[in-house]
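Enquirer: Here is a sequence together with a model predicted from it:
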Amino acid sequence: MESLNLVALVGSLRVGSVNRAAARAAISGAADDVTLTLHPIADLPFYNGDVEEQGVPTAVELLHDVVGESDGVILFSPEYNSSLPAVMKNAIDWLSRPPRRFEGVPFTMISATPGGRVGLGVRGHFVDIMSHLPVRLFDETLGLGRYFDRVDENGEFTEASVAEIAEFIGRFADFARSEPAA
């Protein structure tokens, strides 16, 4: 089977972020034929049409290149006030602007949250936003609720949670490999 190149974007800038730990768990648990690479979004300037008119910033060009060359993108995002953190929405906003290299690229989301609602707000907003963009939206997202029961004393996800994440990544990988619907 052909190797799959997936990109992970984390919507939390905090070094000790649980969603960053979820991305690490996904990277470590991915199948041998799946490469998941973390791409930073912290140095993206806030979207501003005036900035864009001056020329697309280098960090934004790199984001477009990395996403456009990938076989799929997984957003790892906390839920802030039942929605996306500003840094994640900003990355989506930049991707939606020219050169729009993300057209046709499969997307999904994983959200680790402290509550039992498993990030329903952020995952719902993700689907609402992305369904209006020219991407291949996977029909599943993954919510990892009550994350304090899912991480060890070092803040890393437990073996059982890594396996749950790996199963989800496997389903997303199958979707990414499939032919787009006509």
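Expert: Now that the structure is in, tell me what you want to look at. Residues are numbered from 1 along each chain as shown.
Enquirer: List the buried residues in the helix ranked longest in the chain.
Expert: The residue-count maximum for a helix in the chain (DSSP state H) belongs to helix 159-177. Neighbour-count burial for helix 159-177 flags 161-162, 164-166, 168-169, 172-173, 175-176 (criterion: 16 or more other CB atoms under 10 Å). Where C-beta positions appear, they are placed from N, C-alpha and C, glycine not excepted.
Enquirer: Same list, these, but as CSV with pLDDT please.
Expert: Shown next, in CSV, are the buried residues of helix 159-177 (pLDDT from 0 to 100):
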residue, pLDDT
Ser161, 97
Val162, 97
Glu164, 97
Ile165, 98
Ala166, 98
Phe168, 98
Ile169, 98
Phe172, 98
Ala173, 98
Phe175, 98
Ala176, 98
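Enquirer: circling back: hey, C-alpha coordinates of the longest helix of the chain in CSV?
Expert: Taking Å, rounded to 0.1, in the frame of the first residue of the first chain, the C-alpha atoms of helix 159-177 are listed here in CSV:
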residue,chain,number,x,y,z
GLU,A,159,-1.9,3.3,25.6
ALA,A,160,-5.7,2.8,25.4
SER,A,161,-6.2,6.4,24.2
VAL,A,162,-3.4,6.1,21.7
ALA,A,163,-5.1,3.0,20.3
GLU,A,164,-8.4,4.9,20.0
ILE,A,165,-6.7,7.8,18.2
ALA,A,166,-4.8,5.3,15.9
GLU,A,167,-8.1,3.6,14.9
PHE,A,168,-9.6,7.0,14.0
ILE,A,169,-6.4,7.9,12.0
GLY,A,170,-6.8,4.6,10.2
ARG,A,171,-10.3,5.4,9.1
PHE,A,172,-9.3,8.8,8.0
ALA,A,173,-6.3,7.3,6.1
ASP,A,174,-8.8,5.0,4.3
PHE,A,175,-10.9,8.0,3.4
ALA,A,176,-7.9,10.0,2.2
ARG,A,177,-6.9,7.1,-0.1
